[in-house]
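> please work out how this folds:
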Amino acid sequence: MKKIILLLFLFISGCDNIQNETPNVKKSSTNICHEKGSQYYKQTKKYENFNTIKDCLNSGGRLPR
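The predicted model follows:
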C-alpha cells in the first residue's frame, strides 16, 4: 500500500511539471522582467508568468539594467 501511495505521489508531482510550460517571460519578486534566453532567466525561481515582455512591463515590471 505504501508503494502505491508513493508511486501515485511521484506520478502526480511529475504531471505538475508537464502541465507547467516554461514561461516566455518571468517577472521576479523584485519586478524585473526576464525574457527566455536572457542572462538571469534560469536563475529566477520566484516569478509571475507572462507571454510577452510588453505584458510584463505593463504589469509594473521593468527591464534589467
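
> for the protein, which element, helix or strand, carries the lowest mean pLDDT?
helix 2-19 (a mean of 60; mean pLDDT, DSSP states H and E).

> and whichever helix or strand comes after that helix, what does it pack onto?
Toward the C-terminus, helix 2-19 is succeeded by strand 25-28 as the next helix or strand (DSSP states H and E). In terms of contacts (3 or more Cβ pairs under 8 Å, 6 or more residues apart in numbering; DSSP states H and E), strand 25-28 is packed against strand 33-35, strand 47-50, helix 53-58. (Glycine included, C-beta is placed from N, CA and C.)

> poorly predicted segments of the protein, please.
Residues of the chain meeting the criterion pLDDT under 70: 6-20.

> still on that earlier bit, hey, which of the helices and strands packed on strand 25-28 is tucked in deepest?
Highest mean neighbour count of those: strand 33-35, a mean of 22 (counted as mean count of other Cβ atoms under 10 Å).

> which strands and helices sit next to it?
By 3+ Cβ pairs under 8 Å, 6+ apart, strand 33-35 packs against strand 25-28, helix 53-58.
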